[in-house]
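Asker: show me the folded form of this:
(2 chains)
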Amino acid sequence: MSRIRDQKKYEKTFAFHFFRWLSGEKDMYVGNMEMKPQREPEETEESIEERMKDHQQVLAEVYDQTKNKELLLFEKAYKFLSILFCLALVAILIVTVSYLPRVGNAANPDNNIVSETYIKEGLRDTGAVNIVTGMILSYRAFDTFGETNVLFIATCCVMILLMVDEDKIKENADSNDRDFEPKNDVILQKAASILVPIVFLFGIYVILNGHLSPGGGFSGGAMIGAGLILYVAAFGFNKTEKFFNEKVYTVVKVTALVCYGCIVAYYFLTGANGLPCLVPLGEPGKILSGGITLPINIFVGSEVACTMYAFYALFRRGGL
Amino acid sequence: MEMILNFPCLCILLTMFSAIISSALNRRWARYLNTFVVTLVGILSAAVLMFTLTSGKSYVYQMGHFPAPFGNEIRFGSLEAGMALFFSVIMLLSLNGGREKIRMEIDPGKEKLYYIMINLLLSSLLALVYTNDIFTAYVFVEINTISACGMIVITEHGRTIEAATRYMIMSLLGSGLFLIGICILYDMTGHLLMEYLYTSISNIMAAGTYRIPMMVAIALIVVGLAIKSALFPFHAWLPDAYGYSTVSSAAMLSSLVSKGYIFLLIKLIYRVIGFEVFFGSRIINVLFVFGLAGMIMGSVSAIRENDIRRMISYSSVAQIGYIYMGFGLGTGAGMVASAFHILSHGATKSLLFVAAVGLTDASGGHKEFDELTGAAYRNRLAGAAFLVGALSMVGIPLFSGFISKLLFAQAAVQSQGKALAALVVLAMSTVLNAIYFMKTVIRIYTPTDKKYEVTAFGYKVSYAITLGCFILLNLLLGLFSQPITNWITQGLTILQ
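Answerer: Here you go, the predicted model:
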């Protein structure tokens, strides 16, 4: 409505049309223009098929690289530019590295008080003969706890992607074991029954001696996981489920991580508040020594073993 | 030692514990535990914020029994505590706002995995905020990346899987560059702890040795974090990832995940590289140009978009451009403006995502603008919330977006040589923002006779409360900007 002009003149202005369009009241052309009511065109099935065929043909021709010059050009330019980009990055990094201090030089900046302390005081501070284990599990315990959580969240992500319903697993159980894996392969089974106990024993040895000799939770856990995978490959899931099913998996994983977390939390809180850590360091070289490194190694080992096995089982049949 | 100083460490550990325990619970208890923990983290962070604001100092907290260069540390002042509080509030609100959608779109057997992702995302964000050691930062960047991928892929249709793959490739490239940067820094200094790095770097810069590797390391770190937070030329993964994932994921990805990396970058600039070294290098000019380009190109792409979720996603590209433009100005005021924009954009963008899902659900699940005509009448609260978010994004006074634009403009005037470019692009970007947001607002307030099937989603009480809280938060940031900027300025000064 306009107060200045009369209604008829106002109806011809742009403002009137714009506000009517904005409020969506009426079709602007109704009454002004003769319009036939639209009717749905009738189509036979053949013409639909014809049209679909045309559509397919158009698509095929558009994406046909031999005929579409632009697509071809794009593909080539893309490859060329990506190679160029990678080469440029490599060149920049090589030039940068040439300016850095030479490896193994005693005067390098990274041979400072930090690494010296780790080497000299590591045994006294952490009780672990293996300095590396002492360093990652005592000095930098927070980083390593974060790393263990990376493994945990990686398993969860694979579960999101690959886990299928339990009924489906049972439905496909037979074909799963028979089609893709050699079932009742005697050679594999004999070899596995000899090898698996040895692998398990060696894994446990590496975990328990993580603070004394090279190794630790991560490497030992990987060995135990490999042993479990070998067992499944030889004997199938039915036999494995008798001692390692989803319930056992959850219990082991959650217990290991919760215990690890508790130890770490106790260690952080006492350390920050100036309280003594009550875990004894023990006599260096003995199996029961190393303060918190031994239990942490055990828990990390079980977590890593579970993760390895879970990856294999999830990729093979979508469940544990 | 005060009891309250243990809270940041406790927050990080609590979120990790809740993630671990969630994997043994059913989905209902996982949801309860998650809500409880996020709320608790918010309360504890608020306590830390009060404590640090009154004392006006920052604190170093030793993680373990070994002091500074040997063991791990976290460090917190008022800025860090406030960020932690902000992150947990936004997380709680976006989870509540999208709760129905989570129930509808996620397979019930996998819902608890979603809460595991959320818990670990919060733990990594807290660690990125509080960390005082760049290697710890890298470890938690990894957790952040993986959990973000999980959050995208959990809805399990082709679009999200493709989006997650793209996100993962780009994000891993960013992590890789960040890691190489850390390695080069370590090779030159022999330290990973921020304080020691800072002194070594200022010594190196004073002595004039290692000039080239230093620049390359700074560039790699900045570019790595810029890829992960979707600065303009590296934003190709963003619209799919935000546009097709479930609404809570989209809200959290845009307002928490990318902001976490930006906050880490602020921390690195102040505490590792050093304010003068960073602003003396030419890298800020690159950031400035990319930021300006992002402000324009993000808005242009948003105008062309016909899908409301993707339009909001492209608007994120423009807003990230603002933040990097603030870095590029090279003044303290620019940093304050960028830090304020982290808050204002975080609060507004999650509001927009949550409101948009109410509108699309009132239009039979369609996301195209044709179908959204009159949606604000079908779901009035969502319409009002979208209006508030749009006005804030455009920069109307009363709302938070206005304050950040004002701060950017003030910072631009103070800077030397960049004032004209920054102001012109700021004005252009504001007009472009207005074009696409006002188009949407007019569209949703245009009456129509078309009837849609009414979904119960828009009328849930928790959804309404969430939107109310979001609007309040936005007004709070817009109306009480002076104390907030004072807090940011104080926090940035004690960051050094």
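Asker: check the nearest residue to residue B:321 once chain neighbours are set aside and give its pLDDT.
Answerer: Among residues not flanking residue B:321 along the chain, residue B:294 sits closest, at 2.8 Å (CB to CB, 6 or more residues apart in numbering or on different chains). Backbone N, C-alpha and C define where each C-beta goes, glycine included. If you check residue B:294, the pLDDT there is 93.
Asker: is it true that residue B:294 lies in a strand?
Answerer: No: applying DSSP: H, G, I helix; E, B strand; the rest coil, one finds residue B:294 to be helix, outside a strand.
Asker: what's the neighbour count on it?
Answerer: Counted by other CB atoms under 10 Å in any protein chain shown, the residues lying close to residue B:294 total 29.
Asker: show me what contacts it?
Answerer: Counting by CB atoms under 8 Å, 6 or more residues apart in numbering or on different chains, residue B:294 touches B:231-232, B:235, B:317-318, B:320-321, B:324.
Asker: quick one: these as JSON lines, columns for neighbour count too.
Answerer: Shown next, in JSON lines, are the contacts of residue B:294 (neighbours: other CB atoms under 10 Å in any protein chain shown):
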{"residue": "B:231", "neighbour count": "24"}
{"residue": "B:232", "neighbour count": "21"}
{"residue": "B:235", "neighbour count": "24"}
{"residue": "B:317", "neighbour count": "24"}
{"residue": "B:318", "neighbour count": "26"}
{"residue": "B:320", "neighbour count": "30"}
{"residue": "B:321", "neighbour count": "28"}
{"residue": "B:324", "neighbour count": "27"}
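Asker: rewinding a little: from chain A, how far off is the residue nearest to residue B:321?
Answerer: 20 Å (CB to the nearest CB, to the nearest Å).
Asker: and the stretch 201-320 of chain A, which of its residues are near chain B?
Answerer: A:250-251, A:253-254, A:257-258, A:261, A:264-265, A:267-274, A:277 (CB under 8 Å from any CB of the partner chain).
Asker: and those, which are buried?
Answerer: A:253-254, A:257, A:261, A:264-265, A:267-272 (16 or more other CB atoms under 10 Å in any protein chain shown).
Asker: before we move on, back to that, of the residues of the stretch 201-320 of chain A next to chain B, which belong to helices?
Answerer: Those of those mapping onto helices are A:250-251, A:253-254, A:257-258, A:261, A:264-265, A:267-272, per DSSP state H.
Asker: what about the helix or strand harbouring residue B:488, distance to the chain center?
Answerer: Assessed by DSSP states H and E, residue B:488 sits inside helix B:481-495. Computed by CA atoms, centre = their mean, to the nearest Å, the chain-centroid distance of helix B:481-495 equals 18 Å.
Asker: contacts for it next, please.
Answerer: In contact with helix B:481-495 (CB under 8 Å, 6+ apart) are residues B:53, B:56-58, B:77-80, B:82, B:266-267, B:270-271, B:332, B:335-336, B:339-340, B:343, B:400, B:403, B:407, B:477.
Asker: in PDB, list the C-alpha atoms belonging to it.
Answerer: Presented in PDB, the C-alpha positions along helix B:481-495 are these (Å, rounded to 0.1, in the frame of the first residue of the first chain):
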ATOM      1  CA  SER B 481      33.000  -7.300  24.800                       C
ATOM      2  CA  GLN B 482      35.100  -5.000  26.900                       C
ATOM      3  CA  PRO B 483      35.800  -7.400  29.800                       C
ATOM      4  CA  ILE B 484      36.400 -10.200  27.200                       C
ATOM      5  CA  THR B 485      38.900  -8.200  25.200                       C
ATOM      6  CA  ASN B 486      40.600  -7.200  28.500                       C
ATOM      7  CA  TRP B 487      40.800 -10.800  29.400                       C
ATOM      8  CA  ILE B 488      42.300 -11.800  26.000                       C
ATOM      9  CA  THR B 489      44.800  -8.900  26.200                       C
ATOM     10  CA  GLN B 490      45.900  -9.900  29.700                       C
ATOM     11  CA  GLY B 491      46.000 -13.600  28.700                       C
ATOM     12  CA  LEU B 492      48.200 -12.900  25.600                       C
ATOM     13  CA  THR B 493      50.600 -10.800  27.600                       C
ATOM     14  CA  ILE B 494      51.200 -13.500  30.200                       C
ATOM     15  CA  LEU B 495      51.500 -16.100  27.500                       C
END
